[in-house]
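Asks: following is a predicted model, sequence given first.
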Amino acid sequence: MNSITSILVLAFAATSMAAEVCRSGSGDLGQSRVLLCKEVGCTGSPETGAQLQIGVNYGTCCDIPTTFANQVAAVSPNSEINCTLFDNTNCTGTSVTVTGRVNDLGSFRNRAESLTCVHK
Ligand SMILES: *[C@@H]1O[C@H](CO)[C@@H](O)[C@H](O)[C@H]1NC(C)=O
Ligand SMILES: *[C@@H]1O[C@H](CO)[C@@H](O)[C@H](O)[C@H]1NC(C)=O
């Protein structure tokens, strides 16, 4: 393999290992839904940018979109799932597991950067 090919292979390998950004918006959100809220109690609306619904596939890690990373104060997974939120991207670092709506993440407020969810 010549050196240019090696560099391209390494670059591809490095990017393909990173967790995907969680799905959001109007497309297919995948198997389940989690509401991320910037305000304690989940006040505010999606229109003002205070809430974001993301989609997750069971057992898959995704990175919280940059507009909400480190800004999540409350979270509401739908009733079929438990979710674990992580301090860092790619589901690494300190974590907290939520098994239902949490109106105030307390010491984990404004820390989550990625999450993964399982079907109950
Ligand atoms: C993300 O996590 C996966 C699974 O633990 C790991 O294989 C991969 O190297 C990580 N990617 C990055 C960019 O840290
Ligand atoms: C989800 O959380 C509930 C409540 O803590 C627990 O009883 C259940 O075993 C969990 N399910 C999974 C798959 O982690």
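Replies: That came through fine. Ligands and ions are numbered 1, 2, ... in the order given.
Asks: isn't residue 73 up against residue 43?
Replies: No. Counting by CB atoms under 8 Å, residue 43 is not a contact partner of residue 73; they are 9.8 Å apart. Every residue, glycine included, has its C-beta placed from N, CA and C.
Asks: mutual contacts of the two, please.
Replies: Here residue 73 and residue 43 have residue 37 as joint contacts, going by CB atoms under 8 Å, 6 or more residues apart in numbering.
Asks: for the residue nearest to residue 79 when sequence neighbours are not counted, give me the pLDDT.
Replies: Nearest-residue entry for residue 79: residue 100, 7.5 Å, with adjacent residues in sequence omitted and distances by CB to CB, 6 or more residues apart in numbering. For residue 100, the pLDDT comes out at 97.
Asks: again with residue 22
Replies: So residue 22 comes in at 96 (pLDDT).
Asks: list the contacts for it?
Replies: With CB under 8 Å, 6+ apart, residue 22 has these contacts: 34, 54-56, 62-65, 115.
Asks: residue 35 in helix, strand or coil?
Replies: At residue 35 the chain is in strand, as set by DSSP: H, G, I helix; E, B strand; the rest coil.
Asks: bridge partners for it, pull those for me.
Replies: residue 53, residue 76 (DSSP bridges).
Asks: what sits against it?
Replies: The neighbours of residue 35, taking CB under 8 Å, 6+ apart as the test, are 42, 51-53, 75-77.
Asks: does residue 110 touch residue 74 like I think?
Replies: No. Taking contacts as CB under 8 Å, residue 110 lies outside contact range of residue 74: 11.0 Å.
Asks: neighbour-wise, which of those two wins?
Replies: residue 74 (23 against 11; other CB atoms under 10 Å).
Asks: report the separation between the nearest residue to that one once chain neighbours are set aside and ligand 1.
Replies: Using CB to CB, 6+ apart and skipping the chain neighbours, the partner closest in space to residue 74 is residue 37 (4.0 Å). Using CB to the nearest ligand atom, to the nearest Å, residue 37 is found at 26 Å from ligand 1.
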